[in-house]
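Trainee: I'll drop the sequence and a predicted model, then ask my questions.
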Amino acid sequence: MVSGALWRDKRVVEKFTVRYVRDVLERTEGNVSRAAEMSGLTRAALQKIMRRYGIRSEDYRALSSHSRA
């Protein structure tokens, strides 16, 4: 069984990861290759994280096109 402190630590890391990936995708307008490069990850590693947390690059491409209008 996972201790309460370990579970909380895991949740903190997950929340940070999701925030970070969303931020870098927003800054790169959904460009996964550029986001991976900025993060020091391979494209495949970033895509794996995105799949794990249900983050879609398309959502950030749509945001960038709306902000330019």
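Mentor: The structure has been received and is ready for your questions.
Trainee: biggest helix in the chain by residues?
Mentor: Selection of the longest helix in the chain by residue count, based on DSSP state H, yields helix 4-27.
Trainee: outside of it, which residues touch it?
Mentor: Around helix 4-27, the neighbours that count as contacts under Cβ atoms under 8 Å, 6 or more residues apart in numbering are 2, 31-32, 35, 38-39, 46, 49-50, 53, 55, 57, 60, 63. C-beta coordinates here come from the backbone N, C-alpha and C atoms, glycine included.
Trainee: Buried subset of those as a ChimeraX selection?
Mentor: Command for ChimeraX that selects the buried part of those, burial taken from 16 or more other Cβ atoms under 10 Å:
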select :31,32,35,39,46,49,50,55,57,60
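Trainee: Among the contacts of helix 4-27, which lie within helices?
Mentor: For the contacts of helix 4-27, the ones inside helices are V32, A35, M38, S39, L46, I49, M50, Y53, S57, Y60, L63, with DSSP H as the criterion.
Trainee: so who does T28 touch?
Mentor: The contact partners of T28, taken as Cβ under 8 Å, 6+ apart, are R34, A35, M38, Y60.
Trainee: any idea how far R56 is from it?
Mentor: Going from T28 to R56 by Cβ to Cβ, to the nearest Å gives 14 Å.
Trainee: so D59 sits right up against G30, yeah?
Mentor: Yes: the pair D59 and G30 passes the contact test of Cβ atoms under 8 Å, sitting 7.2 Å apart.
Trainee: Looking at those two, which is more packed in?
Mentor: When D59 and G30 are compared on other Cβ atoms under 10 Å, the one with more neighbours turns out to be G30, at 19 against 12.
Trainee: Show the backbone phi and psi for the more buried one.
Mentor: phi 80, psi 10 (degrees, to the nearest 10).
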